[in-house]
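Peer 1: predicted model follows, preceded by the sequence.
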Amino acid sequence: MKTIQTIAIAGAGTMGSGIAQVCAMNGYKVILYDIHQATIEKAKLYIDSSLSFLVSKGKLSLDDCETIKGKIHFTAEINEMKGDLIIEAILEKLEIKHNFFRTVAEINSIDTILASNTSSIPITQIAAAIPNPERFLGIHFFNPATIMKLVEIISGAHTNPAIALHCKSFIESLGKTCVLANDAPGFIVNRVARHYYVEALKVLEENVASFEDIDLLMESSGFKMGPFRLMDLIGVDTNFSVTSSIFKLFHEDGKFRPSRIQQQKVDAGLHGKKSGKGFYDYASK
């Protein structure tokens, strides 16, 4: 099996940028693609700021910082998305993912591994539209990818087990902890964690406690972040989208029901930290 040396990442948002930084910091050549030039420019600033912070803390030398930045090629041209491993971190829309993978499959060899960072769309559904689906799988990082240690490797119905193990070795080379999972709604983490958000939102809906008190209670119980603070960090819109997707995939099982409070936040554009306000107000911070 071909050695993974070049990783091409689609989607230069927070997740894609974080994955790109992690790969470059571990010696890999990275191509970071996005259809929007403005998003690419934000990604450059994000990665520069993140690496500069590590330098200021003495965790990275200036020379190493420049070497890492030199390993990342930013592009808005999809024809430059050529690598040993393609990781997609774009919109959670099945049709958009299908179109993307059809395009990159045409410009890459059949030995190129294709992977999605999807949080909830079944891997088998995405692979259905892709030539040679045995080389397709899920590689699910968690936000922020530069800090979170866990990565899920998800095998679809056609995924070659040898490719899954090959990608597991690659993920472990990044200093991450890797778990193998079969294709199921929400995989492992998003299925288990869904109730951390859903039940907290139900408690808020029923006026049992304020969101601040719910966060305080959970953090006092040992959780690093309360559910509302965590939703703001992930993105209220992203969290709501994943919950809605899992709700549908479980045939509208009530225990996964999305919250009307969260829906209202999304409709109002209150997406959390990235928009300046979600459950908490970040604009003055």
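Peer 2: That came through fine.
Peer 1: now the phi/psi pair for Glu206, please.
Peer 2: The phi and psi torsions at Glu206 (degrees, to the nearest 10) take the values phi -90, psi 10.
Peer 1: count the neighbours of it for me.
Peer 2: When neighbours are counted by other Cβ atoms under 10 Å, Glu206 registers 8. (Glycine included, C-beta is placed from N, CA and C.)
Peer 1: can you check His251 too?
Peer 2: Neighbours of His251 using other Cβ under 10 Å come to 8.
Peer 1: next one, pLDDT for Glu152 please.
Peer 2: At Glu152, the predicted lDDT confidence score is 98.
Peer 1: contacting residues for the residue nearest to it when sequence neighbours are not counted?
Peer 2: Excluding the flanking residues, the one nearest Glu152 by Cβ to Cβ, 6 or more residues apart in numbering is His140, at 4.1 Å. Applying Cβ atoms under 8 Å, 6 or more residues apart in numbering to His140 gives the contacts 117-119, 151-154, 187, 189.
Peer 1: got it, and Ile86?
Peer 2: By Cβ under 8 Å, 6+ apart, the residues touching Ile86 are 7-10, 101, 104, 108, 112-115.
Peer 1: mind checking which of the contacts of His140 are buried?
Peer 2: The neighbour count (16 or more other Cβ atoms under 10 Å) marks 117-119, 151-154, 187, 189 as buried among these.
Peer 1: Leu60: which of the residues you listed is nearest?
Peer 2: Nearest to Leu60 among the buried ones among the contacts of His140 is Val151, at 21.8 Å by Cβ to Cβ.
Peer 1: quick one: strands adjacent to whichever helix or strand the closest one is part of?
Peer 2: Using DSSP states H and E, Val151 sits in strand 150-155. Here strand 150-155 has these sheet partners by DSSP bridges: strand 136-141 (antiparallel), strand 177-182 (parallel).
Peer 1: just to revisit the earlier point, which of the contacts of His140 sit farthest apart?
Peer 2: Farthest apart among the contacts of His140 - using Cβ to Cβ - are Ser119 and Ile153, which lie 14.3 Å from each other.
Peer 1: thank you kindly, that will do.
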